[in-house]
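[1] A predicted structure for the sequence below; I have some questions about it.
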Amino acid sequence: MKNGWIAAFCLCMSLVLTACSKDKDEEQPVVYPAEITLFEVPAAGGSVTAKIDGLGINVRVPYGTDVRALAPRVSTNAGSEVAPRSGETVDLSRPRIYKVTNQTTVVEYVVTVVVLPEEPDIP
């Protein structure tokens, strides 16, 4: 009878320890990098997708685009937030900093917009 109690106790303890080790793995959330994955600007004649190069975002928009009042669409990795927010109207006539934050990191991107010259009319 004594051996039965010892075996039952060992079985219960192994179940408890196994359950506890699984909880530790589940408690650690996945943290994705704080990064901008897409930066798209509405422009004259449509929209323009920016080139993201490291922490620089370069946008070339057609002549006639009012860069003082743009509402870029900005996408980030899961769990990150961006400021200014996606869709918020901003003045991009000068380089502007966009901050991306997640649970552990703050990353700053510099957005630069260049207006392309007017194309001449070809008769």
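    Structure received.
[2] make it CA atoms for all contacts and neighbour counts henceforth
    OK.
[3] list the contacts of Glu81.
    100-102 (Cα atoms under 8 Å, 6 or more residues apart in numbering).
[4] among these, who's most crowded?
    Neighbour count (other Cα atoms under 10 Å) singles out Val100 as the most crowded of those, with 22 neighbours.
[5] so is it in a helix, a strand, or just coil?
    Three-state call for Val100 (DSSP: H, G, I helix; E, B strand; the rest coil): strand.
[6] surely it and Val107 touch.
    Yes: with contact defined as Cα atoms under 8 Å, Val100 reaches Val107; the gap is 5.2 Å.
[7] quick one: which of the contacts of Glu81 is nearest to Pro29?
    Ranked by distance to Pro29 (Cα to Cα), the contacts of Glu81 are led by Asn102 at 12.1 Å.
[8] which one is the closest one nearest to, not counting chain neighbours?
    In this structure, Asn102 finds its nearest non-sequential neighbour in Ser80, 4.4 Å apart by Cα to Cα, 6 or more residues apart in numbering.
[9] list phi and psi for the one you found.
    The phi/psi pair for Ser80 (degrees, to the nearest 10) reads phi -110, psi 150.
[10] separation between it and Thr105?
    In this view, Ser80 and Thr105 are 9 Å apart by Cα to Cα, to the nearest Å.
[11] more neighbours: these two, which one.
    The neighbour comparison of Ser80 against Thr105 (other Cα under 10 Å) goes to Ser80, with 20 against 13.
[12] so what's that one up against?
    Per Cα under 8 Å, 6+ apart, neighbours of Ser80: 32, 34-35, 100-103.
[13] would you mind measuring from it to Ile122?
    When Ser80 is compared with Ile122 (using Cα to Cα), they lie 47 Å apart.
[14] does Thr101 have beta-bridge partners, and which?
    Glu81, Val106 (DSSP bridges).
[15] what sits against it?
    Contact analysis of Thr101 by Cα under 8 Å, 6+ apart lists 34, 80-82, 107.
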